[in-house]
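In: With the input below, show me the fold.
(chains A and B)
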Protein chains: 2
Amino acid sequence: MKKRVTLKQIAKELDVSVSTVSKALKNSEEISRDTKDKIQAFAKLYNYRPNNIALSLKNKKTKNIGVIIPDIVHHFFTTVFRGIEHYAGERGYNVMICVSDESFEKEILNMELLANGSIDGFIMSLSAETQEKNDYTHLKEVLGQGIPLVLFDRVTEDIECDKVILNDEQIAYDAVQGMIRSGKRKIALVTTEGYFNVSFDRARGYKRALEMNGLDVDKALVLTLPYKSEDDTVIWDFFESNDIDAVLCVNEIFAIKCMDVVQRQGKKVPEDISFIGFTNGILSRYSTPKLTTVAQHGELMGETAARLLIDRIENDLEGNHKTEVISATIIHRESTIN
Amino acid sequence: MKKRVTLKQIAKELDVSVSTVSKALKNSEEISRDTKDKIQAFAKLYNYRPNNIALSLKNKKTKNIGVIIPDIVHHFFTTVFRGIEHYAGERGYNVMICVSDESFEKEILNMELLANGSIDGFIMSLSAETQEKNDYTHLKEVLGQGIPLVLFDRVTEDIECDKVILNDEQIAYDAVQGMIRSGKRKIALVTTEGYFNVSFDRARGYKRALEMNGLDVDKALVLTLPYKSEDDTVIWDFFESNDIDAVLCVNEIFAIKCMDVVQRQGKKVPEDISFIGFTNGILSRYSTPKLTTVAQHGELMGETAARLLIDRIENDLEGNHKTEVISATIIHRESTIN
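Out: The predicted model follows:
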């Protein structure tokens, strides 16, 4: 049985990254002549079948859409996917997903894989590592081949394509304004590493609200948590060593964890300290107290992304890219003073 | 631009089901001659490209795996997927998923789509509707073409293939035994419609534990909830009109909803009424009180399924199918008396 060498195997064999192999095989000028020669020779020797995106897609419609999300055990992304799938289904399209697992390399492999599976276009949200590296060569390549791409939520200004985003800056501003109106003054932000465009936008909204109200932006009141962490010590120390009366969290799980910690420290929510989180998932509805959250309307975001993509596919649209902004809403529950 | 007619479009055009179209195109004897003639003529006229599973898969390895899950906004299935992906990644395989959305028709379309995308084998969990219809023609077809298939969690005895299941009956039995040991006697079961093999097995374990302890199995104490429902009225009435001191719920969200209702009715958890749920998701860890759950070890289940599949692919194994049983564990938290 004939085995085909993959991008990943070449990368491993030659001890270079998948992205280097991919670029070398496309003769990119970013890669040295030496490295390119080595990689190209190896690929030829082992019968590497180059990315056949162009091959499979140029001239026929498949009625299939490829979706790449950064994480699958994640309420927001799966909700967006549901929206994509329902809308696409109504218009007669099937949907395949791959998960980048927040990895740049996997994102590249996913794109290759889905394109080989004959799709008419991509919908995706960038992986953490891609946003950190700020390298979008793989997206540019797909667009260069005339394959429509819609980015949602985690997007970049470096790529010209249709996008669906949330009004993150504005809704973070509104959330903090609400806290200030209810009498809170020492407002903390619990966020992720700064390379996520969404966290950056939410932080801007938070700061703008403080400044508009003549409050200092105190760096000590901004806690940056790793994207996934089971350890509560950092959270415990943060709330023990700072005087805080309200918290904006960039996701639901951070908010739930912080509420849990401060209640164990004997503080009352929302009287002593109020909380607003992003992601209106099921956790928010069953936490104690029930969490006030920013509803991101994931299904609507998914439907919008699918509509933009399918319209572009069916009408062979070129250029004239749109960015649609989904308006988030604050769902008031018990973790804030209303 | 040439458009290709899909199974779904043929079905819609001729007002028959996708499954009928699929069977007719394969000349199945289940379908009448008339219907077959009509469908085959239509497919020919509109240039339907038949399922190219055999075409794409017979003679080459693609290092791709196709996964079909019934639901994506679902902790257990996404956790299993994560296990599949991590294990497959380590062995150099890429993974694509489709979501059947609990629909029989979509499951068939998903299989077709993934097979077209060149995969070496399938891992899947059956949709609710497929289990209800009890029609596994699409699986038999894939197996008949020599494509390996591993079923997990929602499986069927009608199909001979590798399977990964949980010891559902035993762990439900253990859970109820524990409740009885802690002094509970009026034990309810909150479950889904009976066509899920897993719900059926859990109900059997529940009944066996009651019988072993000389307790009556009272049908009034078994509440069947629709798989997805936002309405709490049925739950409220069930707990108001029955004398219950412990509850086994076949998933986490049912348990959280029921706990919420009984606490609003003024009952104390676990003193008046104790709860155990299945699915050890994030909800269980942050509910009030924290929920005692059956951990299904989704990642391990996913890894096991991927191992069985990849071993079969790489060694060209035939027959000799295995069923691996994952042992669930009860995670004791605050909703039971220990």
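In: Look at the residue of the stretch 201-338 of chain A found nearest chain B and give its secondary structure.
Out: Among residues of the stretch 201-338 of chain A, the one nearest chain B by CB to the nearest CB turns out to be A:Thr288. It sits 3.8 Å away. (Glycine included, C-beta is placed from N, CA and C.) State at A:Thr288, reduced to three classes by DSSP: H, G, I helix; E, B strand; the rest coil: coil.
In: What ranges does chain A have for its strands?
Out: Per DSSP state E, chain A has strands spanning A:2-3, A:60-61, A:64-69, A:94-99, A:121-124, A:149-152, A:162-166, A:187-191, A:222-224, A:246-249, A:274-278, A:292-295, A:323-326, A:329-331. These are given in chain order.
In: TSV please, covering the ones you listed and showing distance to B:Thr35.
Out: Converted to TSV, the strands of chain A look like this (distance: least, CB to CB, whole Å):
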stretch	distance to B:Thr35
strand A:2-3	40
strand A:60-61	28
strand A:64-69	27
strand A:94-99	24
strand A:121-124	35
strand A:149-152	39
strand A:162-166	42
strand A:187-191	60
strand A:222-224	63
strand A:246-249	57
strand A:274-278	52
strand A:292-295	47
strand A:323-326	44
strand A:329-331	50
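In: do you know which of those lies nearest B:Gly205?
Out: With CB to CB as the measure, strand A:94-99 is the member of these nearest B:Gly205 (33.3 Å).
In: near chain B, which residues of the stretch 51-200 of chain A?
Out: For the stretch 51-200 of chain A, the residues in contact with chain B under the definition CB under 8 Å from any CB of the partner chain are A:59-64, A:72-75, A:78-79, A:81-82, A:85, A:89, A:92, A:94-99, A:101, A:106, A:109-110, A:113-114, A:116-118.
In: cutoff 6 Å now
Out: Neighbours of chain B within the stretch 51-200 of chain A, by CB under 6 Å from any CB of the partner chain: A:60-61, A:63, A:72-73, A:78-79, A:81-82, A:94, A:96-98, A:109, A:113, A:117.
In: I would like a ChimeraX command selecting only the buried ones among those, please.
Out: Command for ChimeraX that selects the buried part of those, burial taken from 16 or more other CB atoms under 10 Å in any protein chain shown:
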select /A:61,63,72,73,78,79,81,82,94,96,97,98,109,113,117
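In: Sort out which one of the residues of the stretch 51-200 of chain A next to chain B lies nearest chain B for me.
Out: Chain B has its nearest neighbour among those in A:Gly117, at 2.8 Å by CB to the nearest CB.
In: Any idea how many residues pack against A:Asn134?
Out: For A:Asn134, the number of neighbouring residues by other CB atoms under 10 Å in any protein chain shown comes to 10.
In: now swap in A:Asp237 and tell me
Out: Each residue near A:Asp237 was counted by other CB under 10 Å, and the total is 12.
In: Tell me how far A:Lys133 lies from A:Ser103.
Out: To A:Ser103, A:Lys133 is 11 Å away according to CB to CB, to the nearest Å.
In: scratch that, A:Gly298 is what I was asking about
Out: Between A:Gly298 and A:Ser103 the distance, using CB to CB, works out to 22 Å.
In: Compare those two and say which is more crowded by neighbours.
Out: A direct count of neighbours by other CB under 10 Å for A:Gly298 and A:Ser103 places A:Gly298 higher, at 26 against 18.
In: where in the stretch 1-150 of chain A is pLDDT low?
Out: Where the stretch 1-150 of chain A drops to pLDDT under 70, the residues are A:1-4, A:47-60, A:117.
In: show me where it has helices.
Out: Listed in chain order, the helices found in the stretch 1-150 of chain A under DSSP state H, counting those that start in this stretch are A:7-14, A:18-25, A:33-45, A:53-57, A:75-90, A:104-116, A:128-133, A:137-144.
In: what would these look like in a markdown table with distance to A:Thr292?
Out: Putting the helices of the stretch 1-150 of chain A into a markdown table (distance: least, CB to CB, whole Å) gives the following:
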| stretch | distance to A:Thr292 |
| --- | --- |
| helix A:7-14 | 44 |
| helix A:18-25 | 41 |
| helix A:33-45 | 53 |
| helix A:53-57 | 45 |
| helix A:75-90 | 16 |
| helix A:104-116 | 34 |
| helix A:128-133 | 26 |
| helix A:137-144 | 36 |
